[in-house]
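S.K.: What follows is a protein structure lacking sequence information:
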Ligand code: HEM
């Protein structure tokens, strides 16, 4: 029987979560709550600079701050402890009892969400171990090395298309987010998962619509768009999995389905959650790594010149991009027991926010943390891929795509410059560019000659 709440479910869900939070965030920020101020600063691309000032204030009081929703860890040591210490686990803070809990259960969404169980991101052993084991082998260093050549081909094909248009004089400036940064990772992850290449624009559109699903305190209009994108993505995923059942191939999802049929694998819901997360995480973050990297390198020509002289530094440059401008700003955990963090008592079940961006700019660990330096020796100590059990499963793949993607672009267009009109994505947790127009400049001689 269809619930009488069905038509208003999304609105009630929004009200119970984001709507209420919005009021509290604004009021708190006005009354001096640094967490509220952090959320508002992260929501407005023009205020992103204010975040550094807030991190500094929290560093000055020991690196951990008690905000109105959670404790916030900003020092490198405290963030590491939250991500990998035994006293913290993932999960969603839950209301304990009462009418709100019953209402929340009645309006719960049945479609895939990256931040609800059984998503890998919010499950713990033994389930988490089981899911991760099934997908890990595709993302090992060796497996990723084998994908390098194919990634290089995809990057070259995408740039060939740009060169064609560049030559025929059709392009004054080009938006690299739509023409390159999004298409490269979505093509690679689609091939890993057995998604036909024709589907990649559809997948990108779902990703764009659902990217804010990690955020909180969303306005109703954004929430409605996210909800719609998740419903459509869920429908697409169901059809795609049914298609793969009939047309299995040598790809990760076909293997997961086979494992399911052996009776040792995943339930239908677990299969969808794992497939959905790997697909979405596979491009929604790497697109930001690429766009942030292009913006940084194009605005620091002396660093680019260093890379052109010493190409062996490219791997380190990618880690420096991840450190200084991380694609995922923060994550969260819950205290598994009463514990202590940076001198603050944290009670069991209380949420803690781990600011990956602040940890990456901790002056205790990184000298001149706001300086972009591709030769920085400890750039790799950044926490942009999180840590502990939930350390990013795709880190090797993302690093490889970042290196191949950035290097191929700048080798081909060494004079590339930023054009007016760049804008940041409106998401709060994922940080990258929505538009990044550039002028490609002269083609590199070798590249131009080789391609006639
Ligand atoms: C620059 C690119 C990327 C960044 C910055 C990034 C960042 C992260 C972070 C911060 C987490 C952990 C969140 C937490 O601890 O709560 C995570 C988890 C994850 N990432 Fe990535 N990621 C990137 C690329 C990828 C790619 C290419 C894939 C594709 C396979 C991927 C798949 C995953 C998965 C499946 C998880 C969940 C792991 C778990 O919970 O056990 N990521 N990622």
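M.R.: Everything's here; your move. Predicted, not measured: the structure shown is a model, and the values here were computed from it. Residues are numbered from 1 along each chain as shown.

S.K.: For the rest of this, base every contact and every neighbour count on C-alpha atoms.
M.R.: Will do.

S.K.: ranges for the strands of the stretch 1-150 of the chain?
M.R.: 64-66, 71-73, 88-89 (DSSP state E, counting those that start in this stretch).

S.K.: Make TSV from the ones you listed and add mean neighbour count and distance to residue 10 to it.
M.R.: Formatted as TSV, the strands of the stretch 1-150 of the chain follow (neighbours: other C-alpha atoms under 10 Å; distance: least, C-alpha to C-alpha, whole Å):
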stretch	mean neighbour count	distance to residue 10
strand 64-66	22	31
strand 71-73	27	29
strand 88-89	24	28
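
S.K.: Those residues of the protein touching the ligand, which are they?
M.R.: 120-121, 277-278, 281-283, 285-286, 289, 327-328, 331, 384-386, 389-395, 397-398 (C-alpha under 6 Å from any ligand atom).

S.K.: mind redoing it with 5 Å?
M.R.: 120-121, 278, 281-282, 285-286, 327, 331, 385-386, 390, 392-394, 398 (C-alpha under 5 Å from any ligand atom).

S.K.: Of those residues, which belong to helices?
M.R.: 278, 281-282, 286, 398 (DSSP state H).

S.K.: I'd like those written out as JSON lines, with neighbour count and pLDDT added.
M.R.: As requested, those are arranged in JSON lines below (neighbours: other C-alpha atoms under 10 Å; pLDDT from 0 to 100):
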{"residue": "278", "neighbour count": "20", "pLDDT": "91"}
{"residue": "281", "neighbour count": "19", "pLDDT": "89"}
{"residue": "282", "neighbour count": "23", "pLDDT": "87"}
{"residue": "286", "neighbour count": "25", "pLDDT": "96"}
{"residue": "398", "neighbour count": "23", "pLDDT": "97"}
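
S.K.: can I assume residue 427 is in contact with residue 215?
M.R.: Yes - contact criterion C-alpha atoms under 8 Å: residue 427 and residue 215 qualify, at 7.1 Å.

S.K.: where's residue 416 relative to the ligand, distance?
M.R.: 22 Å (C-alpha to the nearest ligand atom, to the nearest Å).

S.K.: Identify each buried residue in stretch 358-375, please.
M.R.: Neighbour counts over stretch 358-375 (16 or more other C-alpha atoms under 10 Å) mark 358-363, 365-366, 369, 372-374 as buried.

S.K.: mean confidence score for that stretch?
M.R.: Per-region confidence: stretch 358-375 scores 98 on mean pLDDT.

S.K.: picking up where we left off before, just the ones in helices among the residues of the chain next to the ligand now: which is nearest residue 27?
M.R.: residue 281 (33.0 Å; C-alpha to C-alpha).

S.K.: Looking at stretch 246-262 now, give me its mean pLDDT.
M.R.: On average, stretch 246-262 scores 84.

S.K.: Could you give me the buried positions within whichever helix or strand residue 201 is part of?
M.R.: For residue 201, the host element (DSSP states H and E) is helix 200-210. In terms of neighbour count (16+ other C-alpha under 10 Å), helix 200-210 has its buried residues at 200, 203-204, 206-210.

S.K.: With pLDDT and distance to residue 42 as added columns, please give those residues in CSV.
M.R.: Shown next, in CSV, are those (pLDDT from 0 to 100; distance: C-alpha to C-alpha, whole Å):
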residue, pLDDT, distance to residue 42
200, 87, 29
203, 87, 26
204, 87, 23
206, 84, 23
207, 82, 20
208, 82, 18
209, 80, 19
210, 78, 18
